[in-house]
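*Asks:* Next one to model:
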Amino acid sequence: MIDWAALKAANAPLGAFVDWDEAQAGAAPDAAGPLAGLTLGVKANIMVAGLPWTAGMGLHRRRIAPRDAAVVARLRRAGATVLGTLNMHEAALGAHSDNAFFGRTHNPHRLGFTPGGSSGGSGAAVAAGLCDLALGTDTLGSVRIPAAYCGVYGLKPSHGAVDSDGLAFLEPSLDCIGPLAASLDRLEQCWRVMVDAPGAARHFRRLVLLDDCAGVRLDPAVAAGYARAGGLLTLPREQLVLADAPTTIRMAGLVSAGRWLIDDLGAEYRADNPALSAELRYVLSVCAGAAPQPEVLMRTRDAVRAALGDDGVLLMPTAPQTAFAQGARAPANQADFTALASIAGLPALALPAGWSSDGLPVGVQLVGPPGSEASLIALGRQLDAGLGAYHPPIQRKE
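*Replies:* Okay, here's the model as predicted:
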């Protein structure tokens, strides 16, 4: 039995959930299903029948989902209890989840700090124990960055592995629905329900590393966690050298996403539309004024896929820094590492790798060949056992 009053009280200082599914959650789920007894939160750009389907946009504040998204329906049938929908960065185009229309989401490890984005509510909710599982979406890192900042586990699947029915797209060629959880066991439970075939086991025979982290500067705590993770993996090592700077690659992905959203908004994209925040209008204006770089995207996709082949695994930091204060300028390089798997269409697993001196989580990610999600989780268990980096939040308000 869900204590809704207690749940809402716990959510109040965090702003993770924005709408509650009390009516449907009262229906008895399948007590024999593989997710029986587990609760689920769903990012607000994924349909939950009868709840607002906003994609974090004031423009869609009154849009009600007529049905569950296919993946939500799967999880319900497996016994999960859907609690409601989760806050997110507006239109999924950003990574701090400070939403002009639906409020600011806070990091459970430190109130006043970002949980990341765009799936910030998803990361915050599972880190705080508000739900056992959460669905997020990942375009250029929007599952993995919240996982890193909130100290939890997140999986970006191979592109197309999860049914995208019921998703409000940001950029269909990049978007993926993926799970977040506070343990690898729960993440794997969720993943096996989300797809028809969770992926055959494979043996990784090579560890691929970005040459000199492609020149991206790492916070000391991130560098330490990344080095520690690398030391736990004994596979033969190879270096991946990118033809383009991470900034160039990330911007090529951002421009592609922004231009797709502009086309999707149609006449709603205008400077005087109060249903779009000033921040979103600015980001879209930058994307509209920038030249598309499909050759950068293709070159990056080909290089990453070629480096991994069928038996390689790429280890990288998830984000170059820890969570930053809400209201501060967001670091431009948050997605410099996460963008690579997205552009390549490859699966990536984010997991905790340590802590900064002031108590904020850091993370690393593993990227594998198409369809290697189950093997990434298996390798993640090995890393997780050695790193021992997960712990639930001890809130500190700044």
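*Asks:* And the strands in the chain?
*Replies:* Using DSSP state E, the strands of the chain run over 17-20, 39-43, 81-86, 98-99, 103-104, 133-138, 153-156, 176-181, 206-210, 237-240, 312-317, 348-355, 361-367.
*Asks:* Include mean neighbour count and mean pLDDT when you put those into CSV, please.
*Replies:* No exception for glycine: its C-beta is placed from N, CA and C like everyone else's. Output for the strands of the chain, formatted as CSV (neighbours: other CB atoms under 10 Å; pLDDT from 0 to 100):
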stretch, mean neighbour count, mean pLDDT
strand 17-20, 21, 98
strand 39-43, 29, 98
strand 81-86, 28, 98
strand 98-99, 26, 98
strand 103-104, 16, 98
strand 133-138, 30, 98
strand 153-156, 32, 98
strand 176-181, 28, 98
strand 206-210, 19, 98
strand 237-240, 14, 98
strand 312-317, 24, 98
strand 348-355, 28, 98
strand 361-367, 29, 98
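*Asks:* List just the one of these that sits closest to residue 49.
*Replies:* strand 81-86 (9.1 Å; CB to CB).
*Asks:* Just give the strands next to the closest one in its sheet, each with its orientation.
*Replies:* strand 17-20 (antiparallel), strand 39-43 (parallel) (DSSP bridges).
*Asks:* any idea which residue sits dead centre in the chain?
*Replies:* residue 143 (0.4 Å; CA atoms, centre = their mean).
*Asks:* Now for that residue: which residues touch it?
*Replies:* Residue 143 makes contact with 119, 122, 136, 137, 154, 155, 156, 176, 178, 179, 180, 350, according to CB atoms under 8 Å, 6 or more residues apart in numbering.
*Asks:* 6 Å instead?
*Replies:* 119, 136, 154, 156, 178 (CB atoms under 6 Å, 6 or more residues apart in numbering).
*Asks:* next one: residue 41
*Replies:* 83, 86, 125, 131, 134.
*Asks:* which stretches of the stretch 151-300 of the chain have low pLDDT?
*Replies:* Low-confidence segments of the stretch 151-300 of the chain (pLDDT under 70): none present.
*Asks:* so where do the helices sit in it?
*Replies:* 184-194, 220-231, 246-265, 278-289, 294-308 (DSSP state H, counting those that start in this stretch).
*Asks:* for the fourth one, packing partners?
*Replies:* The helices and strands touching helix 278-289, judged by 3 or more CB pairs under 6 Å, 6 or more residues apart in numbering; DSSP states H and E, are helix 246-265.
*Asks:* Give me the helices and strands touching the helix it packs on, please.
*Replies:* So helix 246-265, by 3+ CB pairs under 6 Å, 6+ apart, packs with helix 278-289, helix 294-308, helix 338-344.
*Asks:* What is the burial count for residue 264?
*Replies:* The tally of other residues near residue 264 (other CB atoms under 10 Å) stands at 15.
*Asks:* Identify the residue nearest residue 40 in space, chain neighbours excluded?
*Replies:* The shortest distance from residue 40 to any non-neighbouring residue, by CB to CB, 6 or more residues apart in numbering, is to residue 80 (4.4 Å).
*Asks:* My guess is that neighbour contacts residue 42. True?
*Replies:* No. Between residue 80 and residue 42 there is no contact under CB atoms under 6 Å: 10.0 Å.
*Asks:* circling back to that earlier point, measure the residue nearest to the centre of the chain to residue 342 for me?
*Replies:* 10 Å (CB to CB, to the nearest Å).
*Asks:* Equivalent analysis for residue 244, please.
*Replies:* In terms of CB to CB, residue 244 sits 15 Å off from residue 342.
*Asks:* Please say which of those two ends up with more neighbours.
*Replies:* residue 342 (31 against 18).
*Asks:* isn't that one right up against residue 174?
*Replies:* Yes. Between residue 342 and residue 174 there is a contact under CB under 6 Å: 5.2 Å.
*Asks:* Take the helices and strands packed on helix 246-265 and lay them out in TSV including distance to residue 261.
*Replies:* What follows is the helices and strands packed on helix 246-265, written out as TSV (distance: least, CB to CB, whole Å):
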stretch	distance to residue 261
helix 278-289	7
helix 294-308	16
helix 338-344	16
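*Asks:* rewinding a little: any chance of the helices of the stretch 151-300 of the chain in TSV, with distance to residue 111 too?
*Replies:* TSV is the format used below for these (distance: least, CB to CB, whole Å):
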stretch	distance to residue 111
helix 184-194	25
helix 220-231	20
helix 246-265	29
helix 278-289	22
helix 294-308	37
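*Asks:* and of these, who's closest to residue 49?
*Replies:* helix 184-194 (17.8 Å).
*Asks:* Mind giving me the packing neighbours of the closest one?
*Replies:* helix 70-77, strand 153-156, strand 176-181, helix 373-387.
*Asks:* Just the buried positions in the longest one, please.
*Replies:* Residues of helix 373-387 classed as buried under the neighbour-count rule (16 or more other CB atoms under 10 Å) are 373, 374, 375, 376, 377, 378, 379, 380, 383, 384, 387.
*Asks:* Identify the residues contacting the fifth one.
*Replies:* For residue 377, the set of contacting residues under the criterion of CB under 6 Å, 6+ apart consists of residue 188.
*Asks:* Now do it against residue 347, distance only.
*Replies:* 10 Å.
*Asks:* What of the fourth one?
*Replies:* Distance from residue 376 to residue 347, counting by CB to CB: 6 Å.
*Asks:* next one: the last one
*Replies:* Here residue 387 is placed at a distance of 20 Å from residue 347 (CB to CB).
*Asks:* so what's residue 187 closest to, chain neighbours aside?
*Replies:* residue 181 (4.1 Å).
*Asks:* Specify the beta-bridge partners of the one you found.
*Replies:* residue 133, residue 153.
*Asks:* Confirm for me that it is in contact with residue 153.
*Replies:* Yes. In this structure, residue 181 is within contact of residue 153 by CB under 6 Å, at 5.5 Å.
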